[in-house]
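*Asks:* Sequence isn't available, so here's the structure alone:
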């Protein structure tokens with residue numbers, strides 16, 4: 001029958017049931033099913049048959065085990081709804097128990113092949129690109145940003161001033177990606193090839209993150225498909241092995257989503273320490289993502305809105321979780337902002353590159369491709385501070401948009417096509 005609703009009586013009855021080797025039947029209401037799944041998963045492995053909405057239109061029966069029960073519920077949102085009837089199988093004596101253990105092992109092994117394939121293809125691409133650029137007498141396949149990232153990484157690795165160009169620009173780039181490259185330099189030497197191999201590993205990690213996220217949202221089948229597509233995508237392979245921040249940023253975007261997702265389906269009544277810790281982790285992931293690519297700074301706001309809207313606990317708890325997420329993100333950015341205040345007198349939590357970057361895409365000569373030659377041609381950095389140059393270019397970009405709305409839409413469409421293109425653009 002039904003377990004006691006809460007308290008010591010429920011825990012005592014559940015322990016008795018799990019210690020009994022015989023098969024047992026039990027029922028549970030939808031508002032407590034996730035709590036029951038978590039409780040059952042803490043006990044030794046037993047086969048479990050779950051019946052949902054039996055004899056009704058949307059009847060569903062699953063043969064799983066108690067350890068996989070929480071994941072099975074979370075694979076589809078509708079699974080936490082309806083009335084539940086369950087059979088806990090005999091302890092170590094049911095053929096079904098052996099079957100579900102095998103099924104569980106199979107689901108663990110299924111993603112292994114595309115994951116290994118993703119790593120192999122990225123390693124091959126890294127060596128191939130390295131060979132090509134050496135024969136071409138170049139340092140990088142995509143010059144420009146890669147040169148700047150590598151120079152900053154070298155400065156960090158050797159304890160030098162975090163700045164590039166002359167006069168020095170100290171807040172040009174956030175340090176999230178150069179720190180990864182600097183770690184590669186400190187551990188393996190000043191080798192672009194080795195750094196590319198590190199990024200190839202990061203690219204495979206992104207494939208694994210995508211698999212986990214898709215499995216949570218849509219189930220194992222779609223997750224395998226998503227993993228396979230990401231593993232062999234030429235564009236994903238090419239971008240993930242170059243000295244560019246896209247792959248490392250993708251890793252932290254997926255980390256932000258993976259840490260937020262459990263909060264959006266959190267069942268009321270679970271111990272508070274888990275969602276509070278999850279909110280802090282989601283905030284830290286968002287903060288690190290912002291240190292890699294400053295455009296991610298809006299994500300904590302979006303995530304907070306999603307928490308307030310979709311989290312199923314009381315309003316006070318939702319506000320607390322949203323506040324903790326934003327606080328953790330801000331605290332993650334604080335050391336960088338404090339360093340910027342020390343070198344410039346300004347509290348800058350991201351970088352002073354948004355103005356030139358914006359003007360690069362919104363100016364009278366813009367084509368939709370990146371062309372930063374105007375920086376050297378105009379020489380504003382020789383006459384003004386980083387902050388002043390950033391503000392000037394930002395204002396000029398805004399003025400261009402206001403005076404040329406039709407051309408702005410054309411450039412935005414061109415930029416979108418380039419972004420969605422399956423080929424790599426330099």
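*Replies:* Okay, I see it. This is a predicted model, so every value here is computed, not measured.
*Asks:* pull the longest helix from the chain.
*Replies:* Longest helix in the chain, counting residues (DSSP state H): helix 315-344.
*Asks:* Who are the contact partners of the nearest residue to residue 117 once chain neighbours are set aside?
*Replies:* Excluding the flanking residues, the one nearest residue 117 by C-beta to C-beta, 6 or more residues apart in numbering is residue 231, at 5.2 Å. Placement of C-beta: from N, CA and C, glycine included. Neighbour list for residue 231: 114, 115, 117, 118, 121, 207 [criterion: C-beta atoms under 8 Å, 6 or more residues apart in numbering].
*Asks:* With residue 242 instead?
*Replies:* Per C-beta under 8 Å, 6+ apart, neighbours of residue 242: 129, 140, 141, 142, 146, 196, 199.
*Asks:* where does it fall, helix, sheet strand or coil?
*Replies:* coil (DSSP: H, G, I helix; E, B strand; the rest coil).
*Asks:* Show me the residue at the heart of this protein, geometrically.
*Replies:* Centroid-nearest residue in the chain, with C-alpha atoms, centre = their mean: residue 254, separated by 1.4 Å.
*Asks:* C-terminal to the helix or strand of the chain with the lowest mean pLDDT, what's the next element?
*Replies:* Lowest mean confidence among the helices and strands of the chain (mean pLDDT, DSSP states H and E): helix 95-109, at a mean of 54. Per DSSP states H and E, the first helix or strand lying C-terminal to helix 95-109 is helix 112-135.
*Asks:* Could you list the residues in contact with that next one?
*Replies:* Residues contacting helix 112-135 (C-beta under 8 Å, 6+ apart): 139-141, 192-193, 196-197, 199-201, 203-204, 207-208, 211, 224, 227-228, 230-232, 237-238, 240-242.
*Asks:* can you tell me which of those residues are in helices?
*Replies:* Applying DSSP H to these, the entries found in helices are 192-193, 196-197, 199-201, 203-204, 207-208, 211, 224, 227-228, 230-232, 237-238, 240.
*Asks:* In the stretch 101-250 of the chain, where is pLDDT below threshold?
*Replies:* The model of the stretch 101-250 of the chain has pLDDT under 70 over residues 101-108.
*Asks:* try 50 this time
*Replies:* Regions of the stretch 101-250 of the chain meeting the criterion pLDDT under 50 cover residues 101.
*Asks:* quick revisit: what subset of the contacts of helix 112-135 is buried?
*Replies:* Using 16 or more other C-beta atoms under 10 Å as the burial test, the contacts of helix 112-135 include 140-141, 192, 196-197, 199-201, 203-204, 207-208, 211, 224, 227-228, 230-231, 237-238, 240-242 as buried.
*Asks:* If I look at residue 390, what pLDDT would I see?
*Replies:* Looking at residue 390, its pLDDT stands at 94.
*Asks:* Now do the helix or strand hosting it and helix 315-344, the angle between them.
*Replies:* Using DSSP H and E, residue 390 maps to helix 386-403. If you take axes from the mean of the first three to the mean of the last three C-alpha atoms, to 10 degrees, helix 386-403 sits at 120 degrees to helix 315-344.
*Asks:* Same question for helix 386-403: list its buried residues.
*Replies:* Using 16+ other C-beta under 10 Å as the test for burial, helix 386-403 gives 386, 387, 389, 390, 392, 393, 394, 396, 397, 400, 401.
*Asks:* and if you look at stretch 248-265?
*Replies:* 248-261, 263, 265.
*Asks:* cool, stretch 353-365 as well?
*Replies:* For stretch 353-365, burial by neighbour count (16+ other C-beta under 10 Å) applies to 353, 354, 355, 356, 357, 358, 359, 360, 361, 362, 363.
*Asks:* do you know how far the closest residue to the last one other than its chain neighbours is from residue 370?
*Replies:* Which is residue 363. The shortest distance from residue 363 to any non-neighbouring residue, by C-beta to C-beta, 6+ apart, is to residue 400 (5.9 Å). With distances taken as C-beta to C-beta, to the nearest Å, residue 400 is found 16 Å from residue 370.
*Asks:* ditto for residue 4
*Replies:* 64 Å.
*Asks:* okay, the two: which has more neighbours?
*Replies:* residue 370 (15 against 12; other C-beta atoms under 10 Å).
*Asks:* I figured the more buried one was touching residue 359, is that so?
*Replies:* No. Look at residue 370 against residue 359 with C-beta atoms under 8 Å: they stay out of range, at 11.2 Å.
*Asks:* and residue 62, helix, strand or coil?
*Replies:* Classified using three-state DSSP, residue 62 is strand.
*Asks:* which residues touch it?
*Replies:* By C-beta under 8 Å, 6+ apart, the contact set of residue 62 is 49, 50, 52, 72.
*Asks:* now the residues you listed as JSON lines including distance to residue 86?
*Replies:* Shown next, in JSON lines, are the contacts of residue 62 (distance: C-beta to C-beta, whole Å):
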{"residue": "49", "distance to residue 86": "7"}
{"residue": "50", "distance to residue 86": "5"}
{"residue": "52", "distance to residue 86": "9"}
{"residue": "72", "distance to residue 86": "12"}
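*Asks:* Please indicate which of those residues are buried?
*Replies:* 49, 50, 52, 72.
*Asks:* Whatever helix or strand the last one lives in: how far from the chain's middle?
*Replies:* Spelled out, it's residue 72. Element membership for residue 72 (DSSP H and E) is helix 69-75. Here helix 69-75 shows a centroid-to-chain-centroid distance of 21 Å under the convention C-alpha atoms, centre = their mean, to the nearest Å.
*Asks:* Which is the succeeding secondary structure element to the helix or strand harbouring residue 356?
*Replies:* In this structure, residue 356 sits in helix 354-361 according to DSSP H and E. Moving toward the C-terminus from helix 354-361, the next helix or strand (DSSP H and E) is helix 373-378.
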